[in-house]
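Student: need coordinates for the below:
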Amino acid sequence: MKCLILAAGYATRLYPLTQNFPKPLLKVGDKTILDWLTGDIRRCGRVDEFVVISNHKFAPDFRAWAPEDVTVVDDGTSTNETRLGAVCDIQFAIDSLRLDDDMLVIAGDNVLDFSLCRFVDYALAKGTSCIMRYHEPQEARLHKSGVVEVDAQDRVLSMEEKPAEPRSHWCCPPFYFYTRADARRVREGIAAGCGTDAPGSFIAWLAGRTSVHAMQMPGRRYDIGNLESYKQVCDTYKGITEI
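Tutor: Numbering: from 1, shown residues only. Have a look, this model is predicted:
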């Protein structure tokens, strides 16, 4: 299994902190965000390679950080305005490294208080591509997120990124599992017109064509969106407490 880490954004809402430094390498406590994520996933014993998908501006920073089991892919973009978008970055990494495997695809700018190993185990047990979901009571936040409908067996009935009229209160955080067969369909999804900016757009397209399941998130995700939220995370984050 490969773990693709989406890290090609420019984090403009965190300027000036991230004007010349990548958000996923910011420290939370005594570790970078990426060290929290990769350290947890290594414990699963399922992933044999991490792939950090970077823009051209920050690729040197990621390469300077990268341990031996991490490959950094430079997507060639240098500004927020010319970024490829998350789904195109995934296809770029697949093409660049000729990847053909199950894939755990995650955003590189969140920290969690639970282990992603639970999600990997869930996906392997289901045998399908999978997402996570959490209940979001505030409708204003639903308009800015991926919103999913599920049946009693966790099967995704519909998923929509940033809906004008949300069909549920289940939000999808940026953590996905693609089966090997479904990872081969990313190019098909792009060609069919699935959105490419939001990382969940491919899964939203895929769920209309094959079975996708949604695990209820077993803990909390700390989204670092601006300077205030970064300070709050630094002050309160205690690491992974739910293994």
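Student: enumerate every residue touching Arg133.
Tutor: Contact analysis of Arg133 by C-beta atoms under 8 Å, 6 or more residues apart in numbering lists Val148, Val150, Trp170, Cys171, Cys172, Pro173, Ala214, Met215, Gln216, Met217. (Glycine included, C-beta is placed from N, CA and C.)
Student: so what sits opposite it in the bridge?
Tutor: With DSSP bridges as the criterion, Arg133 is bridged to Gln216.
Student: what about it, distance to Lys231?
Tutor: Distance, Arg133 to Lys231, by C-beta to C-beta, to the nearest Å: 28 Å.
Student: before we move on, which element is Glu68 in?
Tutor: Assignment of secondary structure by DSSP states H and E places Glu68 within no helix or strand.
Student: distance check, it against Glu188.
Tutor: Glu68 is 33 Å from Glu188, by C-beta to C-beta.
Student: immediately after the helix or strand hosting Ser96, which helix or strand?
Tutor: Assessed by DSSP H and E, Ser96 sits inside helix 86-97. Following helix 86-97 in sequence order, the next helix or strand is strand 103-107 (DSSP H and E).
Student: what's that following strand in contact with?
Tutor: Strand 103-107 has contacts (C-beta under 8 Å, 6+ apart) with 1-6, 37, 41, 46-47, 90, 116, 119-120, 173-178, 180, 183, 199.
Student: among those residues, which lie within helices?
Tutor: Of those, the ones assigned to helices by DSSP state H are Leu37, Ile41, Ile90, Phe119, Val120, Arg180, Ala183.
Student: between these, which sits nearest Tyr15?
Tutor: Tyr15 lies nearest to Leu37 out of the ones in helices among the contacts of strand 103-107, by C-beta to C-beta, at 23.0 Å.
Student: go ahead and confirm the closest one touches Asp109.
Tutor: No: with contacts counted by C-beta atoms under 8 Å, Leu37 stays clear of Asp109, the gap being 9.5 Å.
Student: now do the shared contacts for the two.
Tutor: Shared contacts of Leu37 and Asp109 (C-beta under 8 Å, 6+ apart): none.
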